[in-house]
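Engineer: Show me how the following folds:
(one chain, ligands or ions: 1)
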Amino acid sequence: MSHLLTNIDQHLDEFAARHSLPGYRRKQIRQWLFEKRAEGWDAMSNLSKQLRAELAEELTLWAARVDRHSEASDGTEKLLVGLEQGGQIECVLLRDEHRRTMCVSTQVGCGMGCVFCASGLDGVDRNLTTGEIIEQFLRLQHCLAPEERMSHIVVMGMGEPLANLDALLPALQEATRPDGLGISHRRITISTVGLPKSIRRLAKEETQYRLAISLHAPDDELRNRIVPTNAKIGIDEIMAAADEYYEATRRRLTFEYVLLADLNDQPEHAHRLVRLLRGREAMINVIPYNPVAGLPYQTPSMEAQKAFRTVLEQGGLAVRFRHRKGDKINAACGQLRRSQAGAQDLVQLES
Ligand code: SAH
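Structural biologist: The predicted model follows:
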């Protein structure tokens, strides 16, 4: 059995050849998957029963199962997905006025080791396949009401997306194709710890995705402590690659900055950040830390957050403070997978 979603065109072509299937059938199957949000072969009611049975016999639609489905009062929904070969990943649906954003994972665990993050606490197990990434898109679409439409994608779940570009790019292609999810490149953001080689590769692909770089510190000395992989790379290298990405795509860059109490949240850090980013076509996205059980890091006080923001704004940077969503369901990276006691906060919809 092959997992259809690993390469939809190829698997449907091969199936069509084996069964002398006319071209419009392939189109219908794609429509069922992406537009009509079918949850199984059986639901594809304009295909004959026999065809559905043959499809079910030869092509697996879902390679994973939804282990837990939770919903917060602000409309955020989160899926804990159990993978066939073991391991779990998370993906999230965020609702914000007319926006429907899905946040997906690219790896089981993460190898980057950012000290404050729950996803990397046990390192990385493996890369997800293209099919496992597309499966997150489709499973999250099933959470939507019929009148809702998915509008944005952020690749900000578990894992380092630029360490798994080979699987991610074909998945995002399905997201942008008119006969896929039909989401524009500009509404897709890839968030990275900052891997210069892969940033350059992405620039060459001319894909027009938005790039977000997790900076978290204005200088190498501090960044090495918060983002250990930085010791092998350095901020200068990352900035040079980011500038190339901007030159190639003309997409405004986003820099993410997780605000950690007493570590990177002082006005002097903000001043240095202004010096680093000033003059770039960039936005700084400040994320007050979402505490992770067992880790010593804290969310800065409101006063500290405000003071930090003021320095950035007075320095002329385009600043956004990320609105926290889905706190109660541990919607930040890798948190649900680790939580057991957190279960009382969850509205259990499935098990
Ligand atoms: N590996 C990618 C994707 C990580 S998740 C990257 O490094 O960008 C997306 C963002 O959420 C990153 O900026 C990450 O540092 C941040 N993040 C992770 N855990 C967090 C937490 N507990 N609170 C706030 N932000 C967090």
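Engineer: residues contacting the residue nearest in space to the middle of the chain?
Structural biologist: Taking CA atoms, centre = their mean, the centroid of the chain lies closest to residue 155, which sits 2.2 Å from it. Counting by CB atoms under 8 Å, 6 or more residues apart in numbering, residue 155 touches 103, 104, 106, 161, 168, 172, 188, 189, 190, 191. In short, each C-beta sits where N, CA and C put it, glycine included.
Engineer: Could you identify the buried members of those residues?
Structural biologist: Among those, those buried by neighbour count (16 or more other CB atoms under 10 Å) are 103, 104, 106, 161, 168, 172, 188, 189, 190, 191.
Engineer: From the residues you listed, pick the one nearest the ligand.
Structural biologist: residue 191 (3.6 Å; CB to the nearest ligand atom).
Engineer: Tell me the secondary structure at the closest one.
Structural biologist: strand (DSSP: H, G, I helix; E, B strand; the rest coil).
Engineer: From residue 64, how far off is it?
Structural biologist: Distance of residue 191 to residue 64, given as CB to CB, to the nearest Å: 22 Å.
Engineer: do residue 84 as well
Structural biologist: Noted for residue 84: a distance of 6 Å to residue 64, by CB to CB.
Engineer: More neighbours: which of the two?
Structural biologist: residue 64 (21 against 12; other CB atoms under 10 Å).
Engineer: if we can go back for a sec, out of the contacts of residue 155, list just those in strands.
Structural biologist: Per DSSP state E, strands hold the following members of the contacts of residue 155: 103, 188, 189, 190, 191.
Engineer: when you check the ligand, which of those turn up near it?
Structural biologist: residue 191 (CB under 6 Å from any ligand atom).
Engineer: Pipe the ones in strands among the contacts of residue 155 into TSV and attach distance to residue 306 and pLDDT per row.
Structural biologist: Converted to TSV, the ones in strands among the contacts of residue 155 look like this (distance: CB to CB, whole Å; pLDDT from 0 to 100):
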residue	distance to residue 306	pLDDT
103	27	97
188	32	98
189	26	97
190	30	98
191	25	98
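Engineer: which residue does the stretch 1-150 of the chain bring closest to the ligand?
Structural biologist: residue 117 (3.9 Å).
Engineer: Help me confirm that that residue is found in a strand?
Structural biologist: No. Counting by three-state DSSP, residue 117 is not part of a strand but coil.
Engineer: low-confidence ranges in this protein?
Structural biologist: 323-351 (pLDDT under 70).
Engineer: Give me the three-state assignment for residue 13.
Structural biologist: Residue 13 - assigned by three-state DSSP - is helix.
Engineer: nearest spatial neighbour of it, skipping sequence neighbours?
Structural biologist: residue 26 (7.6 Å; CB to CB, 6 or more residues apart in numbering).
Engineer: Check residue 319 too.
Structural biologist: Nearest-residue entry for residue 319: residue 312, 4.7 Å, with adjacent residues in sequence omitted and distances by CB to CB, 6+ apart.
Engineer: So which elements touch the helix or strand hosting that neighbour?
Structural biologist: Taking DSSP states H and E as the criterion, residue 312 maps to helix 302-314. Helices and strands touching helix 302-314, by 3 or more CB pairs under 8 Å, 6 or more residues apart in numbering; DSSP states H and E, are strand 253-259, helix 267-277, strand 282-288, strand 318-321.
Engineer: Tell me which of the ones you listed is the most buried.
Structural biologist: Comparing the helices and strands packed on helix 302-314 by mean neighbour count (mean count of other CB atoms under 10 Å), strand 253-259 ranks first with a mean of 23.
Engineer: what angle do it and strand 188-192 make?
Structural biologist: With axes from the mean of the first three to the mean of the last three CA atoms, to 10 degrees as the basis, strand 253-259 and strand 188-192 are set at 50 degrees to each other.
Engineer: if I read this right, residue 195 contacts residue 162, doesn't it?
Structural biologist: Yes. Contact status for residue 195 versus residue 162: in contact at 4.5 Å, counting by CB atoms under 8 Å.
Engineer: What residues does the stretch 151-300 of the chain have near the ligand?
Structural biologist: Counting by CB under 6 Å from any ligand atom, the stretch 151-300 of the chain sits next to the ligand at 156, 160, 191, 192, 193, 214, 256, 258, 287, 289, 290, 292.
Engineer: what's the farthest-apart pair in the residues you listed?
Structural biologist: 192 and 292 (20.3 Å; CB to CB).
Engineer: between those two, which one's more packed in?
Structural biologist: More crowded of residue 192 and residue 292, by other CB under 10 Å: residue 192, with 25 against 20.
Engineer: what is the more buried one paired to in the beta sheet?
Structural biologist: residue 213 (DSSP bridges).
Engineer: what distance separates the start and the end of stretch 53-69?
Structural biologist: 29 Å (CA to CA, to the nearest Å).
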